[in-house]
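> what's the 3D shape of this:
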Amino acid sequence: MKRIRIAVIGIGNCASSLIQGIYYYRNKESGEASGIMHWDLGGYRPGDIEVVAAIDIDRRKVGKDLREAMFAPPNCTKVFQREIPETGVRVVMGQVMDGVASHMKDYPDDETFLLADEPEADIVKVLKDSGAEMALNYIPVGSENATRYYAECCLEAGVAFINCIPVFIASDRMWAEKFRQRGLPLVGDDIKAQIGATITHRTLAKLFADRGVKLDRTYQMNAGGNTDFLNMLARERLKSKKISKTEAVQSVLPRPLEARNIHIGPSDYVPWLDDNKLCFLRMEGRIFGDVPMEIELRLSVEDSPNSAGCAIDAIRCCKLALERNTGGPLTSISAYTMKHPPHQFPDGIAREMVEEFIRGERER
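Residues are numbered from 1 along each chain as shown. Sure thing, here's the model as predicted:
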């Protein structure tokens, strides 16, 4: 049986949902496999993914088997696959660097990080010894230095990199060239959801443009109760996040809106929401005869499982690129699954590009 061997950096809610999904779909057949965009992708199914290395910094996770760590606090995502066997993968201590916002210490232990008192692991050695083919970056938003550190570790270890957070690696020419020279696939940056705030906002913005409606102004405000939203209360950590989410919407408009007429970004942390994310979206425009119209939308969705389907596809496309000896940024799957890819495309076109890549008709 073919396997895709991955390392996961950051065993938070997104990692928990992804790993639950790997086991959930391992016992499914194509006819009953709802909730995923591709059942068989290049000969690989979701259950063919295997986590072989795990990295975190929380004392409730470090040193534990992945099966235990993925359900440990402060994780609060929905559990849809409780039956997971012991994996034999021990979570190792990562580099802290800028991975924890200073204000996190002011919140209850079950809402935030409790730093492990263990020596930091040799990440390059961990990646090499585990046999990981690629690593997924799930550390907190704003972890600029830590993300670059892990990207560098992947380059040294000869491991592909999937960057799920809004630190610009795949969309940065310098990093893109580094991975290209090493012959390693690179996917990023900042993972989308299947049906989330950004993809919904993009779709409506594209609908306005396609139907000749002039979009005058818009906002997207989000609230949630997981550690991602708690971390993002430190507004200084949000520069890349706001760029990523805003450009994702601006890129589908015929002409970008002025900065004062578009506001997209996290809004607040509401602890009792746990991993549920609320999006409040408003769009104001003009139809025929410059007659005004408005859309207001409220979206409620479990945040972490919502991105896991995109991660499953990114992992499998990354595996195909490894098999084809394709290094550097993967344009198609990045445009399809990421908010800030190296090149933006409308979602329908990105989907077709991915299908072409899977069939081997497109190089990257």
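
> Can you get me a residue count around Gly225?
A count of nearby residues for Gly225, using other CB atoms under 10 Å, gives 21. Every C-beta, even on glycine, is put in place using the N, C-alpha and C of the backbone.

> Now do the contacts for the residue lying closest to it once chain neighbours are set aside.
Excluding the flanking residues, the one nearest Gly225 by CB to CB, 6 or more residues apart in numbering is Leu273, at 3.4 Å. By CB atoms under 8 Å, 6 or more residues apart in numbering, Leu273 lies in contact with 223-226.

> redo that, cut-off 7 Å
By CB atoms under 7 Å, 6 or more residues apart in numbering, the residues touching Leu273 are 223-225.

> try Met283
Applying CB under 7 Å, 6+ apart, the residues near Met283 are 204, 215, 218, 294-295.

> now the residues you listed in JSON lines, with pLDDT?
Shown next, in JSON lines, are the contacts of Met283 (pLDDT from 0 to 100):
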{"residue": "Leu204", "pLDDT": "97"}
{"residue": "Leu215", "pLDDT": "98"}
{"residue": "Thr218", "pLDDT": "98"}
{"residue": "Glu294", "pLDDT": "98"}
{"residue": "Ile295", "pLDDT": "98"}
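
> From these, which land in strands?
Among those, DSSP state E puts 215, 218, 294-295 in strands.

> Of these, keep whichever come out buried.
215, 218 (16 or more other CB atoms under 10 Å).

> List just the nearest of the ones in strands among the contacts of Met283 to Ala146.
Thr218 (32.3 Å; CB to CB).

> I'd like to know how far the closest one sits from Lys245.
12 Å (CB to CB, to the nearest Å).

> remind me, longest helix of the protein?
As assigned by DSSP state H, the longest helix anywhere in the chain is helix 303-323.

> Any idea how far it is from the middle of the chain?
9 Å (CA atoms, centre = their mean, to the nearest Å).

> helix or strand right after it?
strand 328-329 (DSSP states H and E).

> Show me the strands paired with that following strand, marking each as parallel or antiparallel.
Partners of strand 328-329 in the sheet, by DSSP bridges, are strand 185-187 (parallel).

> what is the rounded mean pLDDT of the strand it pairs with?
In this model, strand 185-187 carries a mean pLDDT of 98.

> For that strand, which outside residues touch it?
Residues outside strand 185-187 that contact it (CB under 7 Å, 6+ apart) are 160-163, 169-170, 176, 179, 314, 318, 321-322, 326-330, 333-334, 338.

> Just the buried ones among those residues, please.
160-163, 169-170, 176, 179, 314, 318, 321-322, 326-330, 333-334, 338.

> biggest separation within the ones in strands among the contacts of Met283, which pair?
Longest span within the ones in strands among the contacts of Met283, CB to CB: Leu215 and Glu294, 10.9 Å.
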